[in-house]
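**Q** here is a sequence with its predicted model. Questions after.
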Amino acid sequence: MMIRTTMTAMALAIASTTVAQAQSAPPVVKTIYIQAGTLLDRPGQAPRGNTTIIVRGGKIAELRDGFVAPEAGATLIDLKDKYVLPGLIDLHVHLTGIAGDPLRARLGELTRDRADDLIEAQKNARADLEAGFTTVRDLGGDARSIRALRDAIDAGTVEGPTIVNAGQMVSVTGGHGDGTNGLAEEFADVVHSHQINTCDGPDDCRRAVRSQIGLGAQVIKFAATGGVLSNVAGGLGRQMTPEEMKAIIDTAHSFGRKVAAHSHAAEGTKAALAAGVDSIEHGTFIDDEAVALFKAKGAYLVPTMLAPVAALAQARGGQLPPATIPKAEAAAAAMLASHTRAIAAGVKVAFGTDTGVSKHGDNAQEFALMVKAGMTPMAAIRAATVSAADLLGRLDQLGTIEPGKMADIIAVIGDPVADVTRLEKVDFVMHGGVTVKAGGQRQAFPPN
């Protein structure tokens, strides 16, 4: 017994010494040299010619002119014939659930739960990342599932873009975001008993915001107006009172969270802007008074022009409930004129797609719609990099390729400033210094 006890003590001592040595050993910093043919390091400014990007420990350490030979032990990535730019940011996605196939999603409503949705979210996140979107803002999904996925990606356990999550959208009872809409009574009662994102009156809306923050929400989203995809008639008009909106926004801001308002009707948009919202999502009906408020408040418009195009096709194809058809037609008809008006007036625009309505991985199709509405390709790219990072409050980390920022880098074949649709086929993706895609092909995960 004495011998065994002594051996156990020695083993524990050795293990403790080994752990202490491992903890005290400095981490190995991986160095990567990226030789870029053309580098749009700061969208909105002229690109650089031949440049070498030096990445250390997942961050950009240095930019050097020309093609610099790598130092000893460094990895070389050859993008001499590519156009290199910062990783793209999509400020409006929905990762959980079956994307782009609403009929299949509805058929599985009673047989799928949050565990199924989390698996679907992991697949959707990977599709967005491979499409060049190294950061996404999830604006509506199961709060616990997206928080778990966000943290697993940050820890390097699974692969996906950086996620900024909103949890569930805060909504008034019966509004866009009330999960009981359109359900049979026995099912509606069950959903209602578990629902914490609906609220009525300012005090109750403060409670709903705090509930989402308590579940890990990094941004708050609320429904200022009706929505196309909610299975309830009533159009796209304002559904929340100005007092409820102000309570939501003030509460979120007091917790250091920015606020995004789902809004179609101009009345809802103007009320949300007056209450101090940080961004308007969709903004389908925008008049001159709304434009003036956008500019006075410094708020962003996130147009999501891809969503009504996809929703209208789905509604007309019989994939959505009848209540959604007139709303989809109204949104699609008004969208282009409203966004053209806002862009021409100089409203700040940040990139978002509402992907989840459309398929994940198709996010970059939004760029062509933005250009159709009057943006230059460079302005559209800036909206998905610099402006998006600014709206997130992360311009110190994202949006440009410069020392100290995350090594989120993509590359395409050809010049996207001349033809923005080049961004629909991304050849190379790096996220946090890890190569996700090269030569148009998915790379192994975890990396060697």
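**A** Now that the structure is in, tell me what you want to look at. Numbering: from 1, shown residues only.

**Q** quick one: low-confidence ranges for the stretch 1-150 of the chain?
**A** 1-27, 98-111 (pLDDT under 70).

**Q** just give me how far the helix or strand that contains Ile213 sits from the chain centre.
**A** Following DSSP states H and E, one finds Ile213 within helix 202-214. Centroid separation for helix 202-214 versus its chain: 22 Å, with C-alpha atoms, centre = their mean, to the nearest Å.

**Q** what comes up buried for that helix?
**A** Buried residues in helix 202-214, defined by neighbour count with 16 or more other C-beta atoms under 10 Å: 202, 205-206, 208-213. For every residue, glycine as well, the C-beta is placed using N, CA and C.

**Q** what element comes up after it heading to the C-terminus?
**A** By DSSP H and E, the next helix or strand past helix 202-214 is strand 219-223.

**Q** so which elements touch that following strand?
**A** strand 171-172, helix 202-214, helix 242-254, strand 258-263 (3 or more C-beta pairs under 8 Å, 6 or more residues apart in numbering; DSSP states H and E).

**Q** contact partners of it?
**A** 137, 139-140, 164-167, 169-172, 175-177, 205, 209, 212-213, 239-240, 245, 248, 252, 257-262, 281 (C-beta atoms under 8 Å, 6 or more residues apart in numbering).

**Q** could you rerun that using 6 Å?
**A** For strand 219-223, the surrounding residues in contact (C-beta atoms under 6 Å, 6 or more residues apart in numbering) are 139, 164, 166, 169-171, 175-177, 209, 248, 252, 257-262.

**Q** avg pLDDT for that strand?
**A** For strand 219-223, the mean pLDDT works out to 96.

**Q** quick one: distance of it to the chain centre.
**A** The mean C-alpha position of strand 219-223 is separated from the chain mean by 13 Å, C-alpha atoms, centre = their mean.

**Q** please export the C-alpha coordinates of it as CSV.
**A** Output of strand 219-223 as CSV, limited to C-alpha atoms (Å, rounded to 0.1, in the frame of the first residue of the first chain):
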residue,chain,number,x,y,z
VAL,A,219,-27.5,42.8,-30.5
ILE,A,220,-31.3,43.3,-30.2
LYS,A,221,-33.8,43.1,-33.0
PHE,A,222,-37.4,44.1,-32.9
ALA,A,223,-40.3,44.1,-35.3
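
**Q** buried stuff in that strand?
**A** Quick answer for strand 219-223 (16+ other C-beta under 10 Å): 219-223.

**Q** would you mind getting the angle between it and helix 242-254?
**A** 170 degrees (axes from the mean of the first three to the mean of the last three C-alpha atoms, to 10 degrees).

**Q** how far off strand 258-263 does strand 219-223 point, in degrees?
**A** Relative orientation of strand 219-223 and strand 258-263, computed by the same axes, to 10 degrees: 20 degrees.

**Q** tilt between strand 219-223 and helix 202-214?
**A** Using the same axes, to 10 degrees: strand 219-223 against helix 202-214 is 140 degrees.

**Q** could you shift the numbering so residue one becomes 864, and keep it that way?
**A** Got it, first residue is 864 now, which makes that one strand 1082-1086.

**Q** now do the SS call for Ile952.
**A** Classification of Ile952 by DSSP: H, G, I helix; E, B strand; the rest coil places it in strand.

**Q** measure it to Pro1184 for me?
**A** Distance of Ile952 to Pro1184, given as C-beta to C-beta, to the nearest Å: 32 Å.

**Q** which one's more surrounded, those two?
**A** More crowded of Ile952 and Pro1184, by other C-beta atoms under 10 Å: Ile952, with 29 against 17.

**Q** show me the contacts for the more buried one.
**A** Neighbours of Ile952 in contact, by C-beta under 6 Å, 6+ apart: 998, 1247, 1251.

**Q** now the helices for the protein?
**A** Secondary structure of the chain (DSSP state H): helices at 865-887, 965-970, 977-993, 1006-1018, 1048-1057, 1065-1077, 1105-1117, 1129-1137, 1151-1160, 1169-1179, 1188-1207, 1229-1235, 1240-1246, 1249-1255.

**Q** how about those helices in a markdown table, adding distance to Leu1286?
**A** Shown next, in a markdown table, are the helices of the chain (distance: least, C-beta to C-beta, whole Å):
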| stretch | distance to Leu1286 |
| --- | --- |
| helix 865-887 | 43 |
| helix 965-970 | 26 |
| helix 977-993 | 13 |
| helix 1006-1018 | 22 |
| helix 1048-1057 | 39 |
| helix 1065-1077 | 32 |
| helix 1105-1117 | 32 |
| helix 1129-1137 | 28 |
| helix 1151-1160 | 26 |
| helix 1169-1179 | 13 |
| helix 1188-1207 | 18 |
| helix 1229-1235 | 5 |
| helix 1240-1246 | 8 |
| helix 1249-1255 | 14 |
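
**Q** do you know which of the ones you listed lies nearest Gly907?
**A** helix 1240-1246 (4.4 Å; C-beta to C-beta).

**Q** quick one: mean pLDDT over the closest one.
**A** Here the average pLDDT along helix 1240-1246 is 98.

**Q** other SSEs contacting that helix?
**A** Counting contacts by 3 or more C-beta pairs under 6 Å, 6 or more residues apart in numbering; DSSP states H and E, helix 1240-1246 packs against helix 1229-1235.

**Q** okay, buried residues for the helix it packs on please.
**A** The neighbour-count check on helix 1229-1235 (16+ other C-beta under 10 Å) flags 1229-1234 as buried.

**Q** same deal with stretch 1298-1306?
**A** 1298-1301, 1306.

**Q** touching it from outside, list them.
**A** Contacts of stretch 1298-1306 (C-beta under 6 Å, 6+ apart): 992-993, 1290-1292.

**Q** between all of these, which two are separated the most?
**A** Once C-beta to C-beta is applied, the contacts of stretch 1298-1306 give Leu992 and Asp1290 as the farthest pair, at 14.1 Å.

**Q** between those two, which has more neighbouring residues?
**A** Between Leu992 and Asp1290, counted using other C-beta under 10 Å, Leu992 has the larger neighbour count: 26 against 21.
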